[in-house]
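Undergrad: need a 3D model of the sequence below.
(one chain, ligands or ions: 1)
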Amino acid sequence: MLRTRLCDLLDITVPIVVAPFGPWDETRLAVAACRAGALGSLGTALRGPAELRAQWERVREQTDRPFAVNHTGRPFDPEAFAATLDFAPAPISFHMGIPADLVARAHDAGIRWIQSVGDVPAAEAALAAGADVLVAQGTEAGGNAGWVSSLVLVPAVVDVAGTVPVVAAGGIADGRGLAAALVLGAQGVSLGTRFLATPEMAVDQEWKDRVVAAAATDAVKVPHAERVMPPFTLPQVGQPYAPRALRTELVSRLERAPETVDPARVGHEVRARVLAGGGHDLLPFAGQSVQLVHDVVPAGELISRLVAEAEALRAAQQAVVPAAGSRGRRYSVPGDLE
Ligand SMILES: Cc1cc2nc3c(=O)[nH]c(=O)nc-3n(C[C@H](O)[C@H](O)[C@H](O)COP(=O)(O)O)c2cc1C
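TA: Model prediction:
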């Protein structure tokens with residue numbers, strides 16, 4: 001079994017998190033993820049507490065497994081957060097800001113805290129704030145992310161995390177990525193881009209098709225995103241995050257002539273289209289792992305495939321772990337896999 005400490009902590013059976021997707025409705029995907037033993041997630045961006053609560057209840061009616069409710073600091077919505085504390089999901093996941101006061105409120109309500117970090121200072125701040133799990137999110141990731149690659153970030157965060165489990169995110173799309181993350185010392189993985197290409201994810205088929213067809217170089221960091229995206233409303237640690245998305249006419253204009261993008265008009269248009277389930281023609285968030293996505297596959301099947309591939313690679317992983325007494329540091333992975 002591919003079981004790690006993360007599974008025990010979050011009460012899941014496979015060490016996989018299906019990432020939150022901001023304002024896009026992922027209730028069907030979260031249910032499928034939970035049923036397959038992974039941690040499903042629900043984003044909260046741009047939607048009010050009543051609509052969010054209806055989503056959470058829809059998921060809770062269909063599965064008794066835990067799922068995460070996600071919040072971010074771009075922008076932070078205090079009302080939606082208060083509603084989340086009241087609903088009390090097993091964990092809250094948080095991105096773009098490391099608010100120790102909110103961590104304490106979640107803990108007071110018996111809720112675990114999963115904190116995304118993009119560099120080592122952010123990891124240290126998250127540990128000081130009392131995070132229960134760190135998501136080391138590399139720059140390869142779709143959506144908002146920092147600037148350090150997963151291959152550097154994951155072991156660096158593992159090195160400072162002590163007993164706090166680390167989840168690797170960014171650039172992982174198959175069992176090789178899962179196996180590699182475990183070898184780097186992570187206790188699990190969080191996948192976003194790969195799960196966009198599932199029938200359960202409620203985004204336009206055109207977006208899924210683009211994810212399947214795209215090359216890594218098609219998923220670019222979007223400069224001047226502040227012209228069309230909500231502001232950061234919590235203090236940020238380190239270099240400001242920027243979103244990664246597939247190229248569109250809007251992305252090209254933000255690259256070449258940002259002054260021609262009117263924040264009031266285009267920002268409003270992006271929000272309206274996203275809330276209607278679209279926005280893929282403007283800002284189709286996706287990460288470099290599009291290169292590794294070759295099919296649209298049901299989430300449960302995908303999770304089984306990831307686990308089977310990673311299990312098959314375990315022998316090879318163990319072969320690359322330095323033996324006791326070899327030069328340099330002795331790594332403790334993947335020893336705690338059962
Ligand atoms: C469409 C999309 C929307 C996202 N929205 C959020 C979000 O609201 N909150 C969050 O914490 N992460 C968000 N992310 C980032 C994911 O949580 C995750 O870290 C990332 O997708 C992992 O990298 P990958 O895309 O290479 O798998 C989003 C990612 C995508 C692709």
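
Undergrad: contacts, neighbours, all on C-alpha from now
TA: OK.

Undergrad: without its sequence neighbours, what residue ends up closest to Q288?
TA: A216 (4.3 Å; Cα to Cα, 6 or more residues apart in numbering).

Undergrad: count the residues that sit near that neighbour.
TA: By other Cα atoms under 10 Å, the residues close to A216 number 17.

Undergrad: my guess is it contacts V293. True?
TA: No: in this structure, A216 is not within contact of V293 by Cα atoms under 8 Å, at 10.1 Å.

Undergrad: residues touching the residue nearest to Q288, list them.
TA: 287-291 (Cα atoms under 8 Å, 6 or more residues apart in numbering).

Undergrad: equivalent analysis for T198, please.
TA: The neighbourhood of T198, defined by Cα under 8 Å, 6+ apart, consists of 29, 208, 296-299.

Undergrad: go on, P66?
TA: If you count contacts by Cα under 8 Å, 6+ apart, P66 has them with 10-12, 34, 39-40, 89-91.

Undergrad: change it to 10 Å
TA: 10-12, 30-31, 34-35, 37-41, 59-60, 89-91 (Cα atoms under 10 Å, 6 or more residues apart in numbering).

Undergrad: now the phi/psi pair for V189, please.
TA: phi -130, psi 160 (degrees, to the nearest 10).

Undergrad: how close does it sit to A257?
TA: Using Cα to Cα, to the nearest Å, V189 is found at 37 Å from A257.

Undergrad: with N70 instead?
TA: Distance, N70 to A257, by Cα to Cα: 33 Å.

Undergrad: which of those two has more neighbours?
TA: N70 (25 against 12).

Undergrad: direction included, what does the helix or strand that contains the more buried one pair against?
TA: When elements are assigned from DSSP states H and E, N70 belongs to strand 67-72. Paired strands of strand 67-72, with direction, are strand 40-42 (parallel), strand 91-95 (parallel) (DSSP bridges).

Undergrad: can you tell me how far V117 is from the ligand?
TA: To the ligand, V117 is 9 Å away according to Cα to the nearest ligand atom, to the nearest Å.

Undergrad: for the residue of the stretch 1-150 of the chain found nearest the ligand, what are phi and psi?
TA: Nearest to the ligand, among the residues of the stretch 1-150 of the chain, is G22, at 2.9 Å (Cα to the nearest ligand atom). Main-chain torsions, G22, degrees, to the nearest 10: phi 40, psi -120.
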